[in-house]
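1. got a sequence here, can you build the structure:
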Amino acid sequence: MASAAYNLEQRKIGLEKYIKIYGIELLNKIAREKKGVDILEMTTTDLGNLKKTLDTKGFKDFIITNQRLPNSSEATSLGHKFSEVRAAEKLKNPPKIPADTSPVYN
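-> Numbering: from 1, shown residues only. Okay, here's the model as predicted:
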C-alpha cells in the first residue's frame, strides 16, 4: 500500500505545474470529460496525452477562459494541426530524396 501512496505523491509532483496554472478542479473536470475519471486516477498514457494537449501552443488561454478543452474546429483556429492533417500533408508533399550520384564500380 505504501507503493500506491508513493505513486500518488509522484503523480502530484508531476502535475504541480498544471495545478498551478489551471487548478485541480478544472483539471479534474477536463479529465472526467475526456476519460471519466479524476486526473490523479488516469492511466499513465492518458495522463501523458492530456499533458501534451495542455502544453499545446494557444490552448492555455482558451482553457482558462472557457473552462474546457477546445473542440477540433476551435483547436484548428488556435493553430493546432491534428495528426491526421499532418499525415495527409506528408503524403501530399513527400520529402524529396536526393538522387544518388555516387559512381558505380563493377
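
2. tell me where the chain has helices.
-> Taking DSSP state H, the helices of the chain run over residues 2-22, 24-35, 44-55, 59-66, 72-77, 83-92.

3. out of those helices, deepest packed?
-> The highest average neighbour count among the helices of the chain, using mean count of other CB atoms under 10 Å, belongs to helix 24-35 at a mean of 16. In short, each C-beta sits where N, CA and C put it, glycine included.

4. now that helix: how far from the chain's centre is it?
-> With CA atoms, centre = their mean, to the nearest Å as the basis, helix 24-35 stands 14 Å off its chain's centre.

5. helices and strands around that helix, which ones?
-> The contact analysis (3 or more CB pairs under 8 Å, 6 or more residues apart in numbering; DSSP states H and E) places helix 24-35 against helix 2-22, helix 44-55, helix 59-66.

6. which of those helices sits closest to Ala75?
-> The minimum distance between Ala75 and the helices and strands packed on helix 24-35 falls on helix 59-66, with 7.5 Å, by CB to CB.

7. residue contacts, the most centrally placed residue in the chain?
-> Centroid check for the chain by CA atoms, centre = their mean gives Lys52 as the closest residue, at 2.3 Å. The contact partners of Lys52, by CB atoms under 8 Å, 6 or more residues apart in numbering, come to none.

8. same thing with Leu40?
-> By CB under 8 Å, 6+ apart, Leu40 lies in contact with Leu8, Arg11, Lys12, Leu15.

9. quick check: it vs Asn49, distance?
-> Distance, Leu40 to Asn49, by CB to CB, to the nearest Å: 16 Å.

10. in the protein, where is pLDDT below threshold?
-> The chain contains residues with pLDDT under 70 at 1-2, 80-95, 105-106.

11. nearest to Asp100, of the helices and strands packed on helix 24-35?
-> helix 44-55 (37.9 Å).

12. got CSV for the helices of the chain, with distance to Val104 too?
-> Putting the helices of the chain into CSV (distance: least, CB to CB, whole Å) gives the following:
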stretch, distance to Val104
helix 2-22, 55
helix 24-35, 56
helix 44-55, 46
helix 59-66, 52
helix 72-77, 48
helix 83-92, 31
